[in-house]
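J.: can you look at this prediction? I've put the sequence above it.
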Amino acid sequence: MRTLFFTGRGDKGKSEVGGNGFSKGDPAFELLGGLDELNSFLGFARAEAKKNPPAGGAFSVGSTLKRLQELLFIAQAETAARAFRHRSAEFQKIMPGHVAELEEVITEVDRAVPPLTAFVIPGENELSARLDLARTAARRAEREAVRNEKALTLSPDFLRFLNRLSSALFALARYASHEKEVKEDSPGYK
């Protein structure tokens, strides 16, 4: 059997989910698209992280990014289930433990990098720049979730997860610079 890459059913701006038609401009599709974009940015960063794996048990940005991608699939499943009123919303959802995982990443990185005393200009190396792109996509997805929180009946854990995710990505970008012994630049406001 061959993969069918198009059906043509969505050519008029509608998608079918569970036998019901929805506009592709529906808030759920906006959030799902943002999460998908974010997952792609994480893959873009992970591809760079795989070029220089950590030595002997050191903190791995690549493995951390893979885990974050897995968590994003759970966030997408929850979004779709809640938006399209599917029973799987009870099984695939962001939980407090997922938020705690992100907090553990942030804490671990915080122990490894120097204290932050000023804003950081993105782009000190390839991996940190890709992580900063992912961070901005995470913030955009969070804004979309907040805008549509009530319509999509998103949980407080879901919103906390997106907020922590962008913080974790910022921490990982700092770690990527620190690991390469690259000095972070701050804006001069000149």
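T.: Yes, it's here. Bear in mind that the values here come from a model prediction, so they are computed numbers and not experimental data. Numbering: from 1, shown residues only.
J.: who's in contact with whichever strand or helix holds Asp110?
T.: Assigning secondary structure by DSSP states H and E places Asp110 in helix 96-112. Contacts with helix 96-112, where a contact means Cβ atoms under 8 Å, 6 or more residues apart in numbering, come from 59, 64, 67-68, 71, 74, 157, 160-161, 164-165, 167-168, 171-172, 174-175, 178. In short, each C-beta sits where N, CA and C put it, glycine included.
J.: using CSV, list the CA coordinates for that helix.
T.: The C-alpha trace of helix 96-112 is given here as CSV (Å, rounded to 0.1, in the frame of the first residue of the first chain):
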residue,chain,number,x,y,z
PRO,A,96,1.7,17.9,36.7
GLY,A,97,4.5,15.5,36.3
HIS,A,98,5.2,16.8,32.8
VAL,A,99,5.5,20.3,34.2
ALA,A,100,7.8,19.0,36.9
GLU,A,101,10.0,17.4,34.2
LEU,A,102,10.5,20.8,32.6
GLU,A,103,11.3,22.3,36.0
GLU,A,104,14.0,19.6,36.5
VAL,A,105,15.6,20.5,33.2
ILE,A,106,15.6,24.2,34.1
THR,A,107,17.1,23.5,37.5
GLU,A,108,19.8,21.2,36.1
VAL,A,109,20.8,23.8,33.6
ASP,A,110,20.7,26.6,36.2
ARG,A,111,23.3,24.7,38.2
ALA,A,112,25.6,24.4,35.2
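J.: list the buried residues for that helix?
T.: Within helix 96-112, the residues that count as buried by 16 or more other Cβ atoms under 10 Å are His98, Val99, Glu101, Leu102, Val105, Ile106, Val109.
J.: in JSON lines, list those residues along with distance to Gly123 and pLDDT.
T.: Below are the buried residues of helix 96-112 laid out as JSON lines (distance: Cβ to Cβ, whole Å; pLDDT from 0 to 100):
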{"residue": "His98", "distance to Gly123": "29", "pLDDT": "97"}
{"residue": "Val99", "distance to Gly123": "29", "pLDDT": "98"}
{"residue": "Glu101", "distance to Gly123": "27", "pLDDT": "97"}
{"residue": "Leu102", "distance to Gly123": "24", "pLDDT": "98"}
{"residue": "Val105", "distance to Gly123": "22", "pLDDT": "97"}
{"residue": "Ile106", "distance to Gly123": "21", "pLDDT": "97"}
{"residue": "Val109", "distance to Gly123": "19", "pLDDT": "95"}
